[in-house]
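In: Would you be able to build a 3D model of this:
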Amino acid sequence: MGQQDYDEASAALLRAEATVASARAAVESARINLSYTPLKAPISGRTGKSSVTPGALVTAYQPNPLVTIQQLDPIYVDVTQSSADLLRLRRSLESGQLKGAGPLQSTVKLLLEDGTPYAREGRLQFRDVTVDPSTGSVVLRMVFPNPDYVLLPGMFVRAVVEEGVNEQGLLAPQQGISRDRKGNAVALVVDGEGKVAQRMLEVDRAIGDRWLVTKGLSAGDQVIVDGLQRVRPGDPVKAVPFAPKAEGPAAEAQPAAAKK
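Out: Prediction:
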């Protein structure tokens, strides 16, 4: 064999080896691409309806997701708190009108859309530090256990967060409090002599079907809630219980029906 034949055979061997290496690289590339075809969820949860059907063409980094995964247990609940309420709460805590709730401050309760309480308590995870300029509110994020999937994404709920305790607070029934021509809150009560007396009140906010009264009433005062049209200040009346006393952390002005 001449030198030329040897050189040609060596070149053919190198070409064959390069072809084998290229084929192996193509096989490895196909194996890697194949490993990308199964879609693995980054989180556990439940899915809703898919936005594509079997056999549809999908591409990497497409703007439309294939499906949305929702984590339901535990579940995040976001509620809003107005910045005005936040400032009022801070002033009340600084002035001593309210006392901090301590460890209970991070405990949260929920009221469902139909008004029934959610059976499990949650935890306040954080309060956002940015006020939404369009609503004037901040977001409070809470975490709730949801093993029975009662809470669903997009559901409307109301949160009860105990951030402070007013040990001298009074709750008065809303039907016993009216407004005068200047918009001041007034109530008719039965005084110690069994006569009707008018009280000027200062109210903070509504809690359920009651007003939180900050000035004008004392614990044990009997607020007239029925028969208001038939009595005037100074009239002698006989007070009878109107409704059983509701349980709660704050004291309560007793509702009464007036009978002349």
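In: contacts and neighbour counts: CA atoms only from here.
Out: Fine.
In: so where's the stretch 151-260 of the chain shaky on pLDDT?
Out: Across the stretch 151-260 of the chain, residues meeting the criterion (pLDDT under 70) sit at 162-169, 242-260.
In: Let me see the ranges of the strands in it.
Out: For the stretch 151-260 of the chain, the strands defined by DSSP state E, counting those that start in this stretch cover 158-161, 164-165, 170-173, 177-179, 185-190, 196-207, 210-215, 222-226, 238-241, 251-252, 254-259.
In: Look up phi and psi at Arg24.
Out: phi -60, psi -40 (degrees, to the nearest 10).
In: re earlier: mind putting the strands of the stretch 151-260 of the chain in TSV, mean neighbour count and distance to Ala21 included?
Out: Shown next, in TSV, are the strands of the stretch 151-260 of the chain (neighbours: other C-alpha atoms under 10 Å; distance: least, C-alpha to C-alpha, whole Å):
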stretch	mean neighbour count	distance to Ala21
strand 158-161	16	65
strand 164-165	17	73
strand 170-173	24	84
strand 177-179	15	90
strand 185-190	22	90
strand 196-207	16	77
strand 210-215	19	82
strand 222-226	24	93
strand 238-241	15	95
strand 251-252	23	85
strand 254-259	22	92
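In: Dump the ones you listed to JSON lines, plus distance to Thr130.
Out: Formatted as JSON lines, the strands of the stretch 151-260 of the chain follow (distance: least, C-alpha to C-alpha, whole Å):
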{"stretch": "strand 158-161", "distance to Thr130": "19"}
{"stretch": "strand 164-165", "distance to Thr130": "22"}
{"stretch": "strand 170-173", "distance to Thr130": "33"}
{"stretch": "strand 177-179", "distance to Thr130": "36"}
{"stretch": "strand 185-190", "distance to Thr130": "34"}
{"stretch": "strand 196-207", "distance to Thr130": "24"}
{"stretch": "strand 210-215", "distance to Thr130": "29"}
{"stretch": "strand 222-226", "distance to Thr130": "42"}
{"stretch": "strand 238-241", "distance to Thr130": "48"}
{"stretch": "strand 251-252", "distance to Thr130": "35"}
{"stretch": "strand 254-259", "distance to Thr130": "42"}
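In: Relative to Thr53, which of those is closest?
Out: Closest approach to Thr53 among these is made by strand 158-161 (37.5 Å; C-alpha to C-alpha).
In: Partner strands of the closest one and their direction?
Out: Here strand 158-161 has these sheet partners by DSSP bridges: strand 107-111 (antiparallel).
In: so who does Phe144 touch?
Out: Asp73, Pro74, Ile75, Tyr76, Val77, Arg120, Glu121, Gly122, Arg123 (C-alpha atoms under 8 Å, 6 or more residues apart in numbering).
In: re the thing from before, and Ser22, which of the strands of the stretch 151-260 of the chain is closest to it?
Out: Short answer: strand 158-161, nearest of these by C-alpha to C-alpha, at 63.4 Å.
In: Using CSV, write down the CA coordinates of that closest one.
Out: Presented in CSV, the C-alpha positions along strand 158-161 are these (Å, rounded to 0.1, in the frame of the first residue of the first chain):
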residue,chain,number,x,y,z
ARG,A,158,-64.5,39.7,55.6
ALA,A,159,-61.6,39.4,58.0
VAL,A,160,-61.7,40.2,61.8
VAL,A,161,-58.3,41.2,63.0
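In: that older thread, just the buried ones from the contacts of Phe144?
Out: Asp73, Ile75, Tyr76, Val77, Gly122, Arg123 (16 or more other C-alpha atoms under 10 Å).
In: Spatially nearest residue to the third one (excluding sequence neighbours)?
Out: The reference is to Tyr76. Val143 (4.8 Å; C-alpha to C-alpha, 6 or more residues apart in numbering).
In: Tell me the bridge partners for Lys109.
Out: Bridge pairing for Lys109 - DSSP bridges - gives Val160.
In: Could I get the pLDDT score of it?
Out: Here, the pLDDT recorded for Lys109 equals 86.
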